[in-house]
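>>> all I have is the shape, not the residue letters:
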């Protein structure tokens, strides 16, 4: 008896909560009755401008990075490497 009453009470509370949530979502979606949604042409324009600015910034930094990389690769070596010649292997105690 008590368990059945508790179950019925929980179902009633759940249904009331769902109805309340549906009313809240309907109110939010309508934009207060003005017919406006959360997305406006101004927000779309702002998003496009910000996105375009970010793309331009990252392209310019990538171009600069590639130019520096090319300059580094084309740079001439200074001096002559010492390859070959006398060589002795010595351990950390100074023994040969």
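Good, I have the coordinates. Worth saying up front: this structure is predicted, and the values here are computed from it rather than measured. Residues are numbered from 1 along each chain as shown.

>>> residue 41: neighbour count?
If you count neighbours by other CB atoms under 10 Å, residue 41 ends up with 7. In short, each C-beta sits where N, CA and C put it, glycine included.

>>> ok, it to residue 48 distance?
Here residue 41 is placed at a distance of 10 Å from residue 48 (CB to CB, to the nearest Å).

>>> what's the following helix or strand after the worst-scoring helix or strand of the chain on mean pLDDT?
Ranking every helix and strand in the chain by mean pLDDT, DSSP states H and E puts helix 2-30 at the bottom, with a mean of 63. Using DSSP states H and E, the helix or strand that follows helix 2-30 towards the C-terminus is helix 41-74.

>>> what mean pLDDT does that following helix get?
On average, the pLDDT along helix 41-74 is 93.

>>> what packs against that helix?
If you count contacts as 3 or more CB pairs under 8 Å, 6 or more residues apart in numbering; DSSP states H and E, helix 41-74 packs onto no helix or strand.

>>> quick one: buried residues of it?
Residues of helix 41-74 include none that count as buried (16 or more other CB atoms under 10 Å).

>>> which residues touch residue 88?
residue 96 (CB atoms under 8 Å, 6 or more residues apart in numbering).

>>> which SS state does it fall under?
coil (DSSP: H, G, I helix; E, B strand; the rest coil).
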